[in-house]
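> Provide a 3D model corresponding to the input given below.
(chains A and B)
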Amino acid sequence: MSERNYTTVNPCIMCQPIGSVMAFKGIEDSMVLLHGSQGCSTYMRLHLAHHFREPVDIGSSSLSEKGAVYGGSENLKKALKNIISRYNPKVIGVSTTCLAETIGDDIVRIISEFREEENIGDDRIIIPVSTPSYEDSHNSGYIKAVEAIAKTFTMNDSKKEIFNNKLNVVLSENISPEDTRELKHIFGSIVGNNSFILLPDISETFDAPMTGDLHKIPLGGTTHSDIADMKNSAATIGFGITNDNKAVNYLEQRFDIPSQNLPLPIGLEYTDRVLTALSNVSGAEIPDEFQKERGRLIDAMVDAHKYVYGTKVAIYGDPDNVLGMLSLVLENGMHPILVVASSKSPGFAENAMERVNQVKPDCDVTILEDVDFDTFNDAVKKAKPQMLIGNSNGKYIAKEMNIPLIRFGFPIHDRVGAQRILTLGYKGAMRMLDSITNTILEAQDAEMAAKWSEPESYVPLSESTFHSAEA
Amino acid sequence: MPDTTSVINTLDERQPYIALKQAKKSSELACDNTSIAGSMSQRACVYSGARVALNPVTDAIHLVHGPIGCASYTWDIRGSLSSDKETFRTSFSTDMKGLDVVFGGEKKLSKSIDELVELYHPPVIFVYSTCIVGIIGDDLQAVCKDASERTGIPVIPVQSEGFKGTKSDGYKAACHALMQIIGTKEPEITSEYRINILGDYNVAGDVWLVKPLFEKMGIQVITSMTGDATADTISKAHGAQLNLVQCSGSMTYLAKWMKKEYDIPFIKVSYFGIEDIATALRETANFFCSEEMKRIAEEIIEHETNRIMPEIEAIRRRVQGKTAAIYMGGAAKALTLIKGFRELGMEVVIIGTQTGKQEDYRQISYQVKDGTVIVDDANPLELADLLVKQKADLMVAGVKERFLAYKLGVAFCDFNHDRVIEFEGYEGFLNFARELDISINSPVWRYVGSKLVSSRSESTGIKENSKSAEQNTAESNKIIGERSNMHEISTITLQESMT
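All right, here's what the predicted structure looks like:
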């Protein structure tokens, strides 16, 4: 709604701590603890449970007025102690909130005091990360936590350093459990299942198979020995090119591990780029399986090209996911009229424009970042896209504009299957393309319905006939 | 009275909050305290309490003064419906950044209010304070007072710094905000009998199934707080002669204030379940001492009960004897649910709340059978252990508990913000019964815990997951589901159901 300078209306971002939670949840046998008031952890648990449809436990130091005045050290220590006693996690991520940061608690010191006072052995790893909610967004919270995890596990110099000839794969943005599984499949098939280390890995932790039993800490996640071993790897691939992947930089600077940052493999060309890079860095052949998948994707693109060509779409969400989706949409001849990154990201606009210029230079594209949904809404009204692609929070705009919304990203709280949305690799591209194309076809059907008359044999049965048939 | 000797394994400090109801044993359940750090409480904060109680005011701007997270996580999560404006479903935040924390957020807040007034012309703005506002010392009262004078509309501070107490303190903060609007306009009086509905949030449209019942009895409902309320109707609330309080945890404070300020008495009621709705209608009619009203109330009760009974009876036959676990935010809902389950022939085996008080737990204890576990401020591990130990077939709670129950093979009913069907009134109780029936009797549970056995093993096909004793003890870090409602799976029945 017109010009606003001071109020954020319908936010596109969440705060840093939730990003850190998503990263910590991808580590084996780990718990997260938020140093702040009780509400933070509960709200994030709700938000994540809505999306992943899994139980999500996040600890809180439950800071009260007393803690806020005299410092939260006592609360944090008690929370650590209670979480160890109840969950016995090998790893505890401790993220700060706005409250803890504003009262100036030094969590690194508090944790080291706690270790000493409670005689915590070296096998229990506690990872502090500073994620004040009044800075940046959930995206930066994720990157900071991944960096803190890599640092903490590789810091200990006394550990043996034996070159492992493995490939580090480090994410800088949250992807779905299904996408994580696909990524692991791609890497496993090309370099071998034991030859890469993916950090973090939520494929099981946020999408656990139903067995009838409840694990206090969900199984899965990147193993501790793998994370510790990252300093011995031959190379690192960082996923995401819109923001600095701090863990990748750290591994390169500290351990001389050569690295390259690649876009998320969404769509044909970005997937090509990732597979080629993977083959180059490992010296391995690209298996026939992917050649065939790629061929099928191109077949699907040809099948769909007439239906989708020129369709105006608006894409919004986290920057690297959006960049990938932009690439997919461009390759298929669609018109990405509006492209929006939730948070400010140094490499977003540049990379987005590069993709536009490579594929469809005459295309008129508006790129926005760090805006709220109200500003996005204004832009949508002006650009008049025929379809939205993004998370559930765009549903109000889609409804008002009477255009379809293809859901992907985070959060998706109004549909099932957010854990299983596949966008990565050739397979993911096929899924997304099918979904986009079928949505367009359905809209066409609805439009045509007015002009068609139903063949007589399809005239609906009368209600009574229907009921008696059922009985 | 409950016995608080260790019911399940948990933190020592938590033991007094969990009790087994037993005859002839008496001890009070610990409750109404701040949550224990690291106990993984299901509660939220002061802000959340204020937000859930106030947010349904449909035409108000709800402006969150704080960093973005607090507004992000509460954007349109209430599930309340509106018969008019939808302003309350938009999320407004001052989105405080590092500089605001250092130099104070008063200026930004003040300008934010001005631009919102200009853009939206709201009848009222509620300004919620969050944790850091309380730390950096922004003077919310002063900013709001100035803004009210400047803009000519009420700009009302909601003192809900997250860390300053519990969710219940947030309810109080919300009540304080409402007090500042009540009595500011004169109501149009259309009936000699007038009430307010307090503590109904119109989740999924609940109020719309209740209000017409009172209107049929010739009563004018001035406002419903806060479900489907507007600034205008709230401002006229003092025109009522009686307040009906449903969610007592959040609204008794306001009702007491209205008693003191306007001499309006209140009674606690519930519109859930056949018995409680009837009681609510009868007590209201009794209050007004109108024979005509009593007659109409009896007519409604008879007619509506007869209308829904055949289907309720049919459902009762399918759910009878099943056991239920209740974990609610407030005690009023928990209490009325006990009766609701009784009406469906089900037995409550676990009952707990986030914000119950001593008196609430005393009443709960009278209502439940011996052997029922009563718990305050439970956490996921306790709830999971209790579901297994007490052999619950169904849990009624909110989203955080839903997936925990599912993982253990326990059916579930959402009685929180997330539901999209009404549970209040006669039609609502029918909806509730149908929901239980659907979840308890769905065929999906028979597959939970089943396992595919490869042909090399002695048996073929799918069989139930069974573990040896050694395996069980080795798996101390997980809670083994009982799956009491799971049907025996034989290869043959499964094959049949798949064809």
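
> can we go C-alpha only for contacts and neighbour counts from here?
Noted.

> quick one, phi psi at the residue of the stretch 201-350 of chain B found nearest chain A?
Among residues of the stretch 201-350 of chain B, the one nearest chain A by C-alpha to the nearest C-alpha turns out to be residue B:329. It sits 12.8 Å away. Taking degrees, to the nearest 10, you get phi -70, psi -50 for the backbone angles of residue B:329.

> I'd say it and residue B:357 touch.
No - with the criterion set as C-alpha atoms under 8 Å, residue B:329 and residue B:357 do not qualify as a contacting pair; they are 11.7 Å apart.

> pick out whichever of these two has more residues nearby.
Between residue B:329 and residue B:357, counted using other C-alpha atoms under 10 Å in any protein chain shown, residue B:329 has the larger neighbour count: 23 against 18.

> spatially nearest residue to that one, not counting backbone neighbours?
When the adjacent residues along the chain are set aside, residue B:329 lies closest to residue B:354, with 4.7 Å between them (C-alpha to C-alpha, 6 or more residues apart in numbering or on different chains).

> do you know how far the residue of the stretch 201-350 of chain B closest to chain A is from residue B:169?
Counting by C-alpha to C-alpha, to the nearest Å, the separation of residue B:329 from residue B:169 is 14 Å.

> likewise residue B:335?
Taking C-alpha to C-alpha as the measure, residue B:335 falls 21 Å from residue B:169.

> cool, and residue B:119?
According to C-alpha to C-alpha, residue B:119 and residue B:169 sit 32 Å apart.

> which one of the two is surrounded by more residues?
More neighbours surround residue B:169 than the other of residue B:119 and residue B:169, with 22 against 13 (other C-alpha under 10 Å).

> now do the contacts for that one.
Contact partners of residue B:169, counting by C-alpha atoms under 8 Å, 6 or more residues apart in numbering or on different chains, are B:46, B:49-50, B:160.

> isn't the residue nearest to residue B:329 up against residue B:333?
No - in this structure residue B:354 lies outside contact range of residue B:333 using C-alpha under 8 Å: 11.4 Å.

> show me where the stretch 101-250 of chain B has helices.
Taking DSSP state H, counting those that start in this stretch as the test, the helices found in the stretch 101-250 of chain B are B:106-120, B:131-136, B:140-151, B:167-179, B:207-216, B:231-235, B:248-262.

> would JSON lines of these with mean pLDDT be doable?
Output for the helices of the stretch 101-250 of chain B, formatted as JSON lines (pLDDT from 0 to 100):
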{"stretch": "helix B:106-120", "mean pLDDT": "97"}
{"stretch": "helix B:131-136", "mean pLDDT": "94"}
{"stretch": "helix B:140-151", "mean pLDDT": "97"}
{"stretch": "helix B:167-179", "mean pLDDT": "96"}
{"stretch": "helix B:207-216", "mean pLDDT": "97"}
{"stretch": "helix B:231-235", "mean pLDDT": "98"}
{"stretch": "helix B:248-262", "mean pLDDT": "96"}
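
> out of those helices, which is closest to residue A:163?
Across the helices of the stretch 101-250 of chain B, residue A:163 has its closest neighbour in helix B:131-136 (47.4 Å, C-alpha to C-alpha).

> helices and strands around the closest one, which ones?
Contacts of helix B:131-136 with other secondary structure elements, assessed using 3 or more C-alpha pairs under 8 Å, 6 or more residues apart in numbering or on different chains; DSSP states H and E, are made with helix A:98-102, helix B:98-103.
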